[in-house]
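1. next one to model:
(one chain, ligands or ions: 1)
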Amino acid sequence: MLVINSIEKGIVIDHITAGLGAKILNYLDIDTSEHMIAFIMNAPSKKYGRKDMIKINDVTDIDLSDLGLIDPKATVNIIEGHKVVKKIRLEIPERVVDVIRCKNPRCVTSIEPNAPHVFVLIDKEEREYKCEYCDDIVSMKGDWQNEIMRKEWLRNKSRK
Ligand SMILES: [Zn+2]
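-> Here you go, the predicted model:
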């Protein structure tokens, strides 16, 4: 098996459903000129057969609360001094803003570039979300093809 050295400080996102790692990486949009990232696809997993895994070096303070939309089964560990100092349990979010793009070409978010993309949970079991504007429904459990939006770190920081 492929071995990647443990990191001294950073974030490990493990047990990602095989195939979703690339979508998570795209969403997080970590600046790779500043941070070292290890991305493992299709690693053997006792629990799920196959899994993806992401390790981000030297970053511990990013907001991962919306990751549960893409993959609530993934686990997040915060590492400091080579040890796990915090485990984050992902939850299925009730409402997400600017994480997935609405696919309906007649939706106001497809026409108006500054409109936020808002999806609201309507069925937790099926992980179904509804676009707040056009009522288009996407099941995040199935083989969804919605475009993942990149996290806008600077804008998020200035909001706080
Ligand atoms: Zn829509």
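
2. CA atoms for contacts and neighbours, from now on please.
-> Noted.

3. how about the residues of this protein by the ion?
-> Within reach of the ion by Cα under 5 Å from the ion, the chain has these residues: 102, 107, 131, 134.

4. name the element the last one belongs to?
-> In the assignment (DSSP states H and E), residue 134 maps to no helix and no strand.

5. okay, now the closest residue to it other than its chain neighbours: neighbour count?
-> Closest residue to residue 134 apart from its sequence neighbours, by Cα to Cα, 6 or more residues apart in numbering: residue 107 at 5.6 Å. A count of neighbours around residue 107, defined by other Cα atoms under 10 Å, yields 16.

6. residue 107 against residue 117, yeah?
-> No: here residue 107 does not reach residue 117: they are 10.0 Å apart, not a contact under Cα atoms under 8 Å.

7. hmm, residue 54 and residue 18 touching each other?
-> No: shown here, residue 18 and residue 54 do not form a contact pair, counting by Cα under 8 Å, at 11.6 Å.

8. what comes into contact with stretch 54-63?
-> 7-14, 21, 25, 35-40, 78-79 (Cα atoms under 8 Å, 6 or more residues apart in numbering).

9. quick one: the helices in this protein?
-> 21-28, 67-70, 108-111, 153-159 (DSSP state H).

10. could you tell me the least trusted of these?
-> When the helices of the chain are ranked by mean pLDDT, helix 153-159 comes last with a mean of 51.

11. that'll do, ta.
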